[in-house]
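Q: What shape does this take:
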Amino acid sequence: MTQSEPIYLLRLPEVINRLGISKSTLYNMITEGTFPSPIKMGRKTSVFPEHELITIQEAIIRGDSDENIKELVLFIQEKRKKGLHC
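A: Numbers count the residues shown, from 1 in each chain. Below is the predicted model of the structure:
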């Protein structure tokens, strides 16, 4: 993804629908470090960048280990801090 491409932000229901998991499973994954934490857009609004969801889905489909996915999540979150996207 290049900087000129738009960044699509997904709300929680869309993320759990695309992953086919429950909300509690998603939050367990976030707690375990196998899924990036949401971005707070306001007091009651959190979003997930679509490209991050796709990156994690690809890792799961490849059969990456939890440790590799945790490293990927850390990489994603570092990119966020620098204002970049994967």
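Q: Give me the average confidence score over the helix or strand that contains Phe48.
A: Assigned by DSSP states H and E, Phe48 falls within strand 46-49. The pLDDT scores in strand 46-49 average 97.
Q: who touches that strand?
A: 7-12, 15, 36, 38-41, 85 (CB atoms under 8 Å, 6 or more residues apart in numbering). Quick note: C-beta positions are derived from backbone N, CA and C, even for glycine.
Q: List buried members of those by neighbour count.
A: Among the contacts of strand 46-49, those classed as buried by neighbour count (16 or more other CB atoms under 10 Å) are Leu10, Val15, Pro36, Pro38, His85.
Q: Out of these, which comes closest to Ser65?
A: Closest approach to Ser65 among the buried ones among the contacts of strand 46-49 (CB to CB): Pro36, at 17.3 Å.
Q: Tell me who's in contact with the closest one.
A: Ile30, Phe48, Pro49, Glu52, Ile56, Val73, Ile76, Gln77, Arg80.
Q: Can I get these in a markdown table including distance to Arg62?
A: Shown next, in a markdown table, are these (distance: CB to CB, whole Å):
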| residue | distance to Arg62 |
| --- | --- |
| Ile30 | 20 |
| Phe48 | 20 |
| Pro49 | 20 |
| Glu52 | 16 |
| Ile56 | 11 |
| Val73 | 15 |
| Ile76 | 16 |
| Gln77 | 20 |
| Arg80 | 22 |
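Q: So which of those residues sit within strands?
A: Mapping the contacts of Pro36 onto strands (DSSP state E) picks out Phe48, Pro49.
Q: So which of the contacts of Pro36 are in helices?
A: Those of the contacts of Pro36 mapping onto helices are Ile30, Glu52, Ile56, Val73, Ile76, Gln77, Arg80, per DSSP state H.
Q: Could I get the pLDDT score of Lys82?
A: 89.
Q: ok, it to Ile76 distance?
A: According to CB to CB, to the nearest Å, Lys82 and Ile76 sit 11 Å apart.
Q: of those two, who's got more company?
A: For Lys82 versus Ile76, neighbours defined as other CB atoms under 10 Å are more numerous around Ile76 (20 against 7).
Q: can I assume that one is in contact with Ile54?
A: No. Contact criterion CB atoms under 8 Å: Ile76 and Ile54 do not qualify, at 11.1 Å.
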